[in-house]
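**Q** Structure of the sequence below:
(4 chains)
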Protein chains: 2
Amino acid sequence: MADGSDKRADERSGTVGKALAVLDEVARYGRPVRFSELIDDSPYPKATLYRLVQTLTGEGMLAFDPDRQTYAPGIRLVRLAHSAWAQASLAPIARPFLDTLSAETGETVHLAQLDAAQVLYVDKRNAQDPLPMYSQAGKVGPAYCTGVGKAMMAFLPDHELSAVIAQQSFHSFTKHTLSTEAALRHELGAIAARGHAYDREEHEPGIICVAVPVKTSAGRVLGAISVTSSTDRTTLTQLEAYLPQITATSEAIAAEASSWRFPD
Amino acid sequence: MADGSDKRADERSGTVGKALAVLDEVARYGRPVRFSELIDDSPYPKATLYRLVQTLTGEGMLAFDPDRQTYAPGIRLVRLAHSAWAQASLAPIARPFLDTLSAETGETVHLAQLDAAQVLYVDKRNAQDPLPMYSQAGKVGPAYCTGVGKAMMAFLPDHELSAVIAQQSFHSFTKHTLSTEAALRHELGAIAARGHAYDREEHEPGIICVAVPVKTSAGRVLGAISVTSSTDRTTLTQLEAYLPQITATSEAIAAEASSWRFPD
DNA sequence: CCTTGCGGTTTCAGATAGTGAAACCAGGTT
DNA sequence: AACCTGGTTTCACTATCTGAAACCGCAAGG
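**A** Purely as a prediction, here's the structure:
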């Protein structure tokens, strides 16, 4: 269940910060919202929120439906979506490689990136026989208890890592969840040494995965990919057999990304 | 050639307006940009732009590459993009219907919406290979000389129509382009009466199309769809033969959208 | 018909937050 | 060493944002 426990820091001062927080809020609803709904979970007074929303609507970032009196993400945001997706996300680059990996393994494949301190799933391939799970392209999840999250964290420079860890909620989703910073840091050490991460049913019971980071040749973390399955279909050991392919995929994506967008 | 003649009104006061303008600017480049490149086409003084960019980067809307010293759309934008896409755009709803229409006609199919006074193509089916979703979304075109643009304008309420028309550039792309407001208004009248619009090589020579609006039952314009081809493959008369299917598609999309997102 | 209450909008004095000229810094070039 | 060019910081000024409160319009209820 996605509770808002680790809500983005709305309290960051600055007008644009607030405006963007509102934008996030509207987006989060996933449906048109009334002003009154927004004001409820908003830290801002009515008048302030009102002006904020007015501005955003005027700018085309929100769309106001005069009949229903609701706000929804605006068409301008859709336009931004195009270039954002094409540029900031590994998805377009990774697509063919993910297809291959998906075909080779037959299991669920994820491509994720770090958004603030959370994992953002930017693309996904379902297994032949898709199993129900939380992840979904465009969705965010916790970093400290997912394979992709840990794979990325393990290769972050110190100061960034600390910043990310500080924002983890360490909620115990299952009895396998690493629920302390110490345990997490220890695990990250092992991952860094080993080169890949596991998810041992730490987020959802029965769901396991093997994940590796996608890094530039300079070592900067761009994202991570994972092959996921469930305990009643396979085991971690069996999943590990795919490591060569997974690593190869990661490297292929990294190579493509480096030459195309992050030349050293 | 897309000159910046009808640039979005950057001069709208308000900090968020400026910030969003910067965001647009970065997005427009379609590749990582240096600060110096931004400052060139920016009306703001160096320090101001700098703080703006800093803020956006801090907010995760822009990503800064420290190695190359470049800015690109940030990961947070990707996340927003996703929900914007899912909510504000007709694309997800329309997808299956467009597929059908594409199969039935074998021609290029467009789905467009109005963004400010321009046409935003939110989805597209090529005659041959249906590429995945984000790839061709986001391109904008003029409204006064495209089938979809005119189809939408023809059913706009008066005051909105005037606002939109006021922003058209009336550049003569071809010798068929309607290049005066009077000519356009006359054509729009005919379209409103007839229910569908044509593009008679008004934007690109050799390119013709038949377009119909997508409207809620209450008559509000949501978007438009078109079937496009070229003069050396077919004629307007032949394209018109698809009208029943096109209209049916439009109505199906409208029905779905109305029940799902714009209930009356 | 006249309250009351609830969404939504507007006002206004006060202060925060944004502005931008100019100085500054780093590191390459001449 | 003097001189750029690209990026970062400073600081006094004031435009812009803030938010309590008043206001509006409508619908429910007395």
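
**Q** The residue of chain A found nearest chain B: neighbour count?
**A** Using C-beta to the nearest C-beta, the single residue of chain A nearest to chain B is residue A:82, 2.4 Å away. C-beta here means a position set from N, CA and C on the backbone, and glycine is covered the same way. When neighbours are defined as other C-beta atoms under 10 Å in any protein chain shown, residue A:82 has 24 of them.

**Q** Strands of chain A, residue ranges please.
**A** Secondary structure of chain A (DSSP state E): strands located at A:33-34, A:62-65, A:70-73, A:108-115, A:118-125, A:140-142, A:197-200, A:207-215, A:221-230.

**Q** Figure out which of the ones you listed is closest to DNA strand C.
**A** Minimum separation from DNA strand C across the strands of chain A (C-beta to the nearest atom of the strand) falls at strand A:33-34, 4.4 Å.

**Q** Quick one: list the elements packing against the closest one.
**A** strand A:70-73 (3 or more C-beta pairs under 8 Å, 6 or more residues apart in numbering or on different chains; DSSP states H and E).

**Q** So what touches the strand it packs on?
**A** With contact meaning C-beta atoms under 8 Å, 6 or more residues apart in numbering or on different chains, strand A:70-73 is reached by A:23, A:26-27, A:31-35, A:38, A:53, A:57, A:61-65, B:80, B:83-84, B:87-88.

**Q** Now do it: distance to the chain's middle.
**A** 24 Å (C-alpha atoms, centre = their mean, to the nearest Å).

**Q** Direction included, what does it pair against?
**A** Applying DSSP bridges to the sheet, strand A:70-73 is found paired with strand A:33-34 (antiparallel), strand A:62-65 (antiparallel).

**Q** Ok, which of those comes nearest DNA strand D?
**A** Closest approach to DNA strand D among the strands paired with strand A:70-73 (C-beta to the nearest atom of the strand): strand A:33-34, 13.5 Å.

**Q** how far does that closest one sit from the chain's center?
**A** 26 Å.

**Q** hmm, who's touching stretch A:41-54?
**A** A:10-11, A:18-19, A:22, A:25, A:35, A:38-39, A:62, A:71, B:16.

**Q** Including mean pLDDT, could the strands paired with strand A:70-73 go into JSON lines?
**A** Below are these laid out as JSON lines (pLDDT from 0 to 100):
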{"stretch": "strand A:33-34", "mean pLDDT": "89"}
{"stretch": "strand A:62-65", "mean pLDDT": "88"}
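
**Q** Turn the ones you listed into CSV, columns for distance to residue A:254 and mean neighbour count.
**A** Compiled in CSV, those are given as follows (distance: least, C-beta to C-beta, whole Å; neighbours: other C-beta atoms under 10 Å in any protein chain shown):
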stretch, distance to residue A:254, mean neighbour count
strand A:33-34, 40, 16
strand A:62-65, 37, 20
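
**Q** Need these in TSV (columns: distance to residue B:185).
**A** Output for those, formatted as TSV (distance: least, C-beta to C-beta, whole Å):
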stretch	distance to residue B:185
strand A:33-34	37
strand A:62-65	26
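
**Q** Among those, which comes closest to residue B:127?
**A** Minimum separation from residue B:127 across the strands paired with strand A:70-73 (C-beta to C-beta) falls at strand A:62-65, 32.0 Å.

**Q** now what about the closest one, what contacts it?
**A** Under C-beta under 8 Å, 6+ apart, the answer for strand A:62-65 is A:23, A:26, A:32, A:53, A:56-57, A:70-75, B:88, B:262.

**Q** pull the CA atoms of that strand into PDB?
**A** Output in PDB follows, covering the C-alpha atoms of strand A:62-65 (Å, rounded to 0.1, in the frame of the first residue of the first chain):
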ATOM      1  CA  LEU A  62      -3.200  22.200 -15.300                       C
ATOM      2  CA  ALA A  63      -6.500  21.900 -17.100                       C
ATOM      3  CA  PHE A  64      -9.600  23.200 -15.400                       C
ATOM      4  CA  ASP A  65     -12.900  21.600 -16.300                       C
END
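
**Q** any idea of the pLDDT on the residue in the stretch 51-200 of chain A that DNA strand D sits nearest to?
**A** Nearest to DNA strand D, among the residues of the stretch 51-200 of chain A, is residue A:51, at 5.6 Å (C-beta to the nearest atom of the strand). Looking at residue A:51, its pLDDT is 91.
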